[in-house]
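Novice: Got a predicted model here, sequence first, then my questions.
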Amino acid sequence: MEQQSIQWRRDKVQELSSQGNSQRDIAKILRVGIGTINRDIQYLRQQAKENIRKYIDERLPEEYEKCLVGLTAILREAWNTSQQTEDRREKIQALSLAKECYSMKLDLLTNATVVDDAIRFVTDRSKGKDREQVKSSLSTSSSDSSNEDDKESKEPDYNDDDEKFDKQGEEKQEQDTGEITTVNQVF
């Protein structure tokens, strides 16, 4: 029963946070301490990171392989059709399909570096977090635990204004250097 109420509260915290409410506002709305909201948000962030890590580690390589195998099968069938048909229109359609398959395979294969980078990023981040947690647990003193329920997270509330500044900075950099930058992000 208590676990259900905690899950309900965390679901509400996520909902209210996604609507742009600050931690302080969420605490007032749900009538709980700001420390509770802070811990719920930390828990939700950790869950999201684990979900992404699991998806990248387990699901993404499998789906990637399925796409390559499927495209190869379609490509083989398109070539067979183009060689066996006498109808010129059907032959052109089959060759067009083959061309499209080659293009899609090329996209997948050239973007494999993005997949590899994402996997490496998640692996490196998890190793770095483990080291930080060990350092953190060694340096934590008993005075840090005083009245944790009244503390608000030092992490800023993220909003659209930050994105505007990031985009303006990128645009300025592009103008200064004359280069167009592309960012691949993993979420």
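Specialist: Noted; the coordinates are in hand.

Novice: Where do the strands of this structure begin and end?
Specialist: With DSSP state E, there are no strands along the chain.

Novice: Tell me where the model's unsure across it.
Specialist: For the chain, the stretches flagged by pLDDT under 70 are 115, 126, 128-187.

Novice: quick one, helices of it?
Specialist: Using DSSP state H, the helices of the chain run over 2-18, 23-30, 34-54, 60-84, 88-110, 112-139, 160-177.

Novice: counting contacts, what elements does the fourth one pack onto?
Specialist: I take that to be helix 60-84. For helix 60-84, the elements it packs on are helix 88-110, helix 112-139, judged by 3 or more Cβ pairs under 8 Å, 6 or more residues apart in numbering; DSSP states H and E. The C-beta positions use only the backbone N, C-alpha and C, and glycine is treated the same way.

Novice: start to end distance for stretch 53-63?
Specialist: Taking Cα to Cα, to the nearest Å, stretch 53-63 runs 15 Å from one end to the other.

Novice: tell me which residues in that stretch are buried?
Specialist: 53, 56, 60 (16 or more other Cβ atoms under 10 Å).

Novice: With stretch 26-33 instead?
Specialist: Neighbour counts using 16+ other Cβ under 10 Å place 26-27, 30 of stretch 26-33 among the buried residues.

Novice: quick one: which of those is nearest to residue 99?
Specialist: Relative to residue 99, the closest of those is residue 26; by Cβ to Cβ it sits at 53.1 Å.

Novice: thinking the closest one is in contact with residue 17, fair?
Specialist: Yes. Residue 26 is within contact range of residue 17, at 6.5 Å (criterion: Cβ atoms under 8 Å).

Novice: With respect to residue 109, which of the buried residues of stretch 26-33 is nearest?
Specialist: Nearest to residue 109 among the buried residues of stretch 26-33, counting by Cβ to Cβ, is residue 26 at 45.2 Å.

Novice: Show the contacting residues for the closest one.
Specialist: Shown in contact with residue 26 (Cβ atoms under 8 Å, 6 or more residues apart in numbering): 12-13, 16-17, 37.

Novice: okay, the residues you listed in TSV with distance to residue 91 and neighbour count next?
Specialist: Formatted as TSV, these follow (distance: Cβ to Cβ, whole Å; neighbours: other Cβ atoms under 10 Å):
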residue	distance to residue 91	neighbour count
12	60	14
13	60	25
16	59	18
17	57	19
37	65	28
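
Novice: from these, which is closest to residue 118?
Specialist: Looking at these and their distance to residue 118, the nearest is residue 17, at 25.2 Å (Cβ to Cβ).

Novice: how about the closest one, what does it touch?
Specialist: So residue 17 contacts 23, 26, 41, 44 (Cβ under 8 Å, 6+ apart).

Novice: can you count the residues close to the last one?
Specialist: Spelled out, that is residue 44. The tally of other residues near residue 44 (other Cβ atoms under 10 Å) stands at 15.

Novice: picking up where we left off before, would you list the buried residues of stretch 26-33 in TSV and tack on distance to residue 81?
Specialist: Formatted as TSV, those follow (distance: Cβ to Cβ, whole Å):
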residue	distance to residue 81
26	59
27	64
30	61
